[in-house]
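> Whatever this is, show me its structure:
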Amino acid sequence: MNSQRIAVITDTGTDTPTAFAREHDVRIVPLRINFSDGSTFESGVTITPEQLVERMATEVPSTSLPSPATIRREFDRAHDDGYAAAVFVSISSGLSATCDTVRMLADQLDDFPVVVVDSKSIGVGAGLVVMEAVRMVEEGITLQYIGAMLELVARKNSVFFSVKSLEYLRKGGRISAAVYRLGSALNIKPVITCNEEGAYVVARKARGWERSIDTQISLVEEQARRYDKVRVAICCSSACDMFDELEERVLAQVDNAVEVIRSGISADLLVHTGPEIVGICIQGV
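Presented below is the predicted three-dimensional model:
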C-alpha cells in the first residue's frame with residue numbers, strides 16, 4: 001500500500017498490464033459479456049479472452065458496464081483493506097457508460113473520497129493513464145491534484161489499432177455501415193483511433209493488413225515528433241502475436257521512446273474488435 005493510502009482502481013476496458021497491476025495493487029472491476037442464452041460473464045474473472053474467442057465462433061455476444069453493486073463492492077473492499085481514498089480511471093465515456101456510473105456511485109460515498117478520471121481512450125491507451133495514476137500516488141501527489149493532472153496525461157495519449165475483420169466493429173455499432181461496406185469490398189483496413197471525446201474515428205485508411213500495420217507505425221512516428229520523450233505500448237491478441245516485430249520496428253523509427261510496454265487484450269474488448277487485433281499507443285512524457 002502507498003503511503004497516502006490512495007487506491008488505484010480501473011475496469012477491464014483499460015487493459016492495464018497484468019504484472020503491473022499485481023505489483024502495484026491496482027484494483028480491476030470487470031465489464032460484463034452477455035450471450036443470448038441469458039448467461040453473463042465477468043471479463044477476466046469468469047471468462048478468459050481465449051474462452052471468449054472460442055464461443056464467438058458460434059455467437060458474437062454483447063457487452064455491458066460493470067454492475068453498480070460490483071463497483072460499490074470494490075470501493076468497500078478498498079476501504080476495508082485500509083485505503084482512505086481512491087482514483088478510478090475508466091474506459092472512455094465515449095465508448096461506455098462505465099465512467100458515468102462510477103461517478104454516480106462515488107458521489108454517494110461519505111467517508112471514502114474517489115476521484116474519477118475519464119481516460120478518453122481504450123485498451124492499453126487507457127492503461128497508460130492507469131499506470132501514470134499509480135506513479136503519481138506513489139510519488140506523493142495529493143488526491144486534490146491527481147484528477148486534473150491525469151486529464152492532462154490523457155490528452156497526450158494517442159491509440160491506434162487495426163483489425164483483420166471489420167465485422168465485429170460493425171455489429172457493435174462502432175463503425176458505420178458505409179465504412180464497413182467499403183472496407184469489405186476493397187480490402188480496406190482502417191486504422192482506428194479515439195478522438196478528443198474518446199469516440200472511435202478512422203485515423204487513416206490502408207489497403208490490406210500489412211499496410212495497416214505500416215500505417216499504425218507511421219502514425220506513431222508522427223505523434224512522437226510532438227514530444228521530447230515518449231512511452232509506447234503495444235497490444236496484440238493471442239491470434240496476432242506480433243510483439244517482437246512491432247517493438248523492433250517502433251524502436252527503429254521512434255528514437256525518443258523511453259519505454260515500450262506490452263499488453264494483452266481483454267475479453268470484453270475482443271467482443272467488439274474480433275479475435276485478430278493489433279494496436280499501438282504512444283504517450284508524451
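
> how about the nearest residue to Phe35 once chain neighbours are set aside, what does it touch?
Among residues not flanking Phe35 along the chain, Pro61 sits closest, at 4.7 Å (C-beta to C-beta, 6 or more residues apart in numbering). C-beta coordinates here come from the backbone N, C-alpha and C atoms, glycine included. Shown in contact with Pro61 (C-beta atoms under 8 Å, 6 or more residues apart in numbering): 33-36, 52, 55, 271.

> Which of these has the largest number of neighbours?
Ile33 (27 neighbours; other C-beta atoms under 10 Å).

> Might you report the residue contacts of that residue?
Ile33 neighbours (C-beta under 8 Å, 6+ apart): 40-43, 47, 52, 61-63, 267-268, 271.

> for it, helix, strand, or coil?
strand (DSSP: H, G, I helix; E, B strand; the rest coil).

> So what pairs up with it in the strands?
Beta-bridge pairing for Ile33 (DSSP bridges): Phe41, Thr63.

> Pick out the most distant pair among the contacts of Pro61.
Ser36 and Leu52 (14.6 Å; C-beta to C-beta).

> By mean pLDDT, which helix or strand of this structure comes out lowest?
helix 177-186 (a mean of 76; mean pLDDT, DSSP states H and E).

> how about low-confidence regions in this protein?
Where the chain drops to pLDDT under 70, the residues are 1-2, 172-173.

> how about the helices in it?
18-23, 49-56, 68-80, 98-106, 124-138, 143-155, 167-171, 177-186, 209-224, 243-253, 267-273 (DSSP state H).

> Run through who's touching stretch 167-183.
Here stretch 167-183 has contacts from 60, 62-63, 95, 163, 166, 188-190, 192, 200, 202, 271-274, using C-beta under 8 Å, 6+ apart.

> what comes up buried for it?
168-170, 172, 174-175, 179-180, 183 (16 or more other C-beta atoms under 10 Å).

> what's the answer for stretch 104-120, then?
For stretch 104-120, by 16+ other C-beta under 10 Å, it's 105-106, 114-120.

> ditto for stretch 182-192
For stretch 182-192, by 16+ other C-beta under 10 Å, it's 183, 188-192.

> Kindly check the end-to-end length of that stretch for me.
Taking C-alpha to C-alpha, to the nearest Å, stretch 182-192 runs 15 Å from one end to the other.

> gap between that stretch and the chain center?
23 Å (C-alpha atoms, centre = their mean, to the nearest Å).

> got it, and stretch 14-22?
The answer for stretch 14-22 is 11 Å, by C-alpha atoms, centre = their mean.

> same deal with stretch 4-18?
So, by C-alpha atoms, centre = their mean, the centroid of stretch 4-18 is 11 Å from its chain's centroid.

> Pick out the residue closest to the middle of this protein.
Gly123 (1.8 Å; C-alpha atoms, centre = their mean).

> residues contacting the closest residue to that residue other than its chain neighbours?
If the residues on either side of it in the chain are set aside, Gly123 comes closest to Asp15, at 4.5 Å by C-beta to C-beta, 6+ apart. Residues in contact with Asp15 (C-beta under 8 Å, 6+ apart) are 123-124, 126-127, 235, 263-266, 269.

> what's the answer for Cys99, then?
90-93, 116, 118.

> Repeat the analysis, applying 7 Å as the threshold.
Shown in contact with Cys99 (C-beta atoms under 7 Å, 6 or more residues apart in numbering): 90, 93, 116, 118.

> between those, which is nearest Met242?
Ser90 (27.8 Å).
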